[in-house]
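*Asks:* predicted coordinates and the sequence they were generated for:
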Amino acid sequence: MKKTMSHILTVSELTRSIKDLLEAEFPFVWVCGQVTNLSRPASGHVYFTLTDGDATLNVVWFKASRRRVARRGSEAIDTLTGEVLDPDAETNGRDALENGRDILCAGRLTVYEPRGVYQLVAEYVQEQGVGDLRQAFEALRKKLEAKGWFDPEHKLALPKSPNRVAVVTSLTGAAVRDFLRIASERGAGCEIRIHPSSVQGAQAPAELVAALDQACDDGFAQVVALIRGGGSLEDLAAFNSEEVASAIHRCRIPVVTGIGHEPDVTIADYVADKRAATPTHAAELLWPERAALVQAVDELSRALSLAFLGQIERKGRGLASLRRALAWLSPAKRLSRMAERLADQAGRLSAAGGRLVEAKTALLRTRAEALARAFGPADVAVAGGEVRGLAARLARAGRSVVEGKAAAFAETRAVLTGLDPEKPLERGYSLVRLARSGAILRSAAEAAPGDGLDIRVRDGRIEATVDRVRPEAEP
């Protein structure tokens, strides 16, 4: 049996293959454990180990992934993004990190190739106490997903640059100020109606549901924006409630959510027709930049001008073509062409007639000469005498025929006159007809008592009625 040698991998190739497989299989995970070996070097990155007593996991939390919050008066500012947060925003687990503390990390698994070990690149860190919230979140997410509330076919499309928008949020939060600021800088202007509601706390779910129902039912808005600033999983608990998810699902107009920050994903985001990363992003999704609108108007104006000029050019070519066709089909041009053809035909006819006359004249001359040669003066005189004799005979025969035809006509006329049924009336006879049929009465058998008779005599008619029919043999 022939053996084939398998490909021999280098350490780098094997490590890279394991890394690719690990990252593809675990793109984002939540891991809970106890912090050990915590290190905060000058680079700003944080390194520590998570352990549950039976196993350990190396974790790196890069500086770029950590939110730092600065206070400016009553406002909380994310120093990485510059975004205004809710006043009660947390620092994404910064204070939760100390050796021996139980925490919950979210991130992606990868392999640190120089050492050949796998590690968790953390994106979010929070205290272990919120693990129950995460479990409740996952349970509700699976339940609503099974109901089909997240299915794309249930999603409504957002209107382009809407004119009327309902905003459901807290009046005291930074989210509404960011949203209104972006709305004032983008689009072509719109009306915004705010439906105030608490965004965290025990009363928040009921108030959010009431505000969403009112925004949907009052018939004002083309789209509803559900927004709030960032916060912990506990802060976002109202947006992970089934009541709020149900209110979004039954809303008859599109709902866009802008809740928290990019890593924050709530149940409301899953059910909404469109999810924005932040309240600012929600406003950006609803309205395009005005510079883009101006550019679009300029491009449309240019396209319209080009289309108009093109249309004018095409119509001009069509008009020129119609003018040429009309000129060719006009009565004056047609008469002119007919006159030209008539003049040409007349010329050709005149030439042909001249040639025909010349040919016939020549033929007549030839025939006359031949006739003159065939018949001399004596022959003509003899032929003339014969013609005169034949003419006399023809005249006599004609008179004899006419006289014979006249005699035959007279004889036929006499016969016809004798056959006329009314001629005997002049000699005292009468002509009897049956009144009902107009037929001539020729026999007594043709009449019956009561028949009307029309009797014609020489000078008039007599109407009579048959009283009795008596055959010739009856006495």
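*Replies:* Nice, thanks for sending it over.
*Asks:* wait, Gly116 touches Arg16, no?
*Replies:* No: between Gly116 and Arg16 there is no contact under Cβ atoms under 8 Å: 10.7 Å. In short, each C-beta sits where N, CA and C put it, glycine included.
*Asks:* which residues in the stretch 301-450 of the chain form strands?
*Replies:* Using DSSP state E, counting those that start in this stretch, the strands found in the stretch 301-450 of the chain span residues 431-434.
*Asks:* where does it dip in pLDDT?
*Replies:* The stretch 301-450 of the chain contains residues with pLDDT under 70 at 375-376, 418, 421.
*Asks:* outline the domain layout of the protein.
*Replies:* Split into domains by automatic domain parsing, the chain comes to 11-132, 159-290, 423-465.
*Asks:* and of the ones you listed, who's closest to Arg323?
*Replies:* The stretch from those with the least distance to Arg323 (Cβ to Cβ) is domain 159-290; that distance is 45.6 Å.
*Asks:* for that closest one, measure first residue to last.
*Replies:* End-to-end distance of domain 159-290 (Cα to Cα, to the nearest Å): 17 Å.
*Asks:* what residue lies at the spatial centre of the protein?
*Replies:* Residue closest to the average C-alpha location in the chain (Cα atoms, centre = their mean): Ala157, at 20.3 Å.
*Asks:* which residues touch the closest residue to it other than its chain neighbours?
*Replies:* Leaving aside its chain neighbours, Ala157 sits nearest to Pro254 (6.7 Å; criterion: Cβ to Cβ, 6 or more residues apart in numbering). Going by Cβ atoms under 8 Å, 6 or more residues apart in numbering, Pro254 touches Leu156, Ala157, Leu158, Pro159, Gln222, Val223, Val224, Asp273, Lys274.
*Asks:* residue ranges for the helices of the stretch 1-150 of the chain, please.
*Replies:* For the stretch 1-150 of the chain, applying DSSP state H, counting those that start in this stretch gives helices covering 11-25, 131-147.
*Asks:* low-confidence stretches in the stretch 101-250 of the chain?
*Replies:* Counting by pLDDT under 70, the stretch 101-250 of the chain contains low-confidence residues at 128-133, 232.
*Asks:* one more time with 80
*Replies:* Scanning the stretch 101-250 of the chain for pLDDT under 80 picks out 126-135, 230-235.
*Asks:* Leu109: neighbour count?
*Replies:* 18 (other Cβ atoms under 10 Å).
*Asks:* in the sheet, who's paired with it?
*Replies:* Counting by DSSP bridges, Leu109 is bridged to Leu120.
*Asks:* you'd agree it is up against Asp20?
*Replies:* No: taking contacts as Cβ under 8 Å, Leu109 lies outside contact range of Asp20: 11.6 Å.
*Asks:* residues touching Ser149, list them.
*Replies:* Check again: residue 149 is Trp, not Ser. Contacts for Trp149 were tallied using Cβ under 8 Å, 6+ apart; they are Ala245, His249, Tyr270, Val271.
*Asks:* quick one: it and Arg250, what's the gap?
*Replies:* Per Cβ to Cβ, to the nearest Å, Trp149 is found 10 Å from Arg250.
*Asks:* how long is stretch 122-138 end to end?
*Replies:* With Cα to Cα as the measure, stretch 122-138 spans 20 Å from end to end.
*Asks:* quick one: closest of the helices of the stretch 1-150 of the chain to Leu434.
*Replies:* The nearest among the helices of the stretch 1-150 of the chain, by Cβ to Cβ, is helix 131-147 at 109.8 Å.
*Asks:* for the closest one, packing partners?
*Replies:* helix 242-250, helix 267-271 (3 or more Cβ pairs under 8 Å, 6 or more residues apart in numbering; DSSP states H and E).
*Asks:* and the contacts of it?
*Replies:* Helix 131-147 is contacted from outside by 30, 32, 104, 150, 233-234, 237, 240-242, 245, 267, 270-271, using Cβ under 8 Å, 6+ apart.
*Asks:* now it against helix 242-250, angle please.
*Replies:* Put simply, helix 131-147 runs at 30 degrees to helix 242-250, going by axes from the mean of the first three to the mean of the last three Cα atoms, to 10 degrees.
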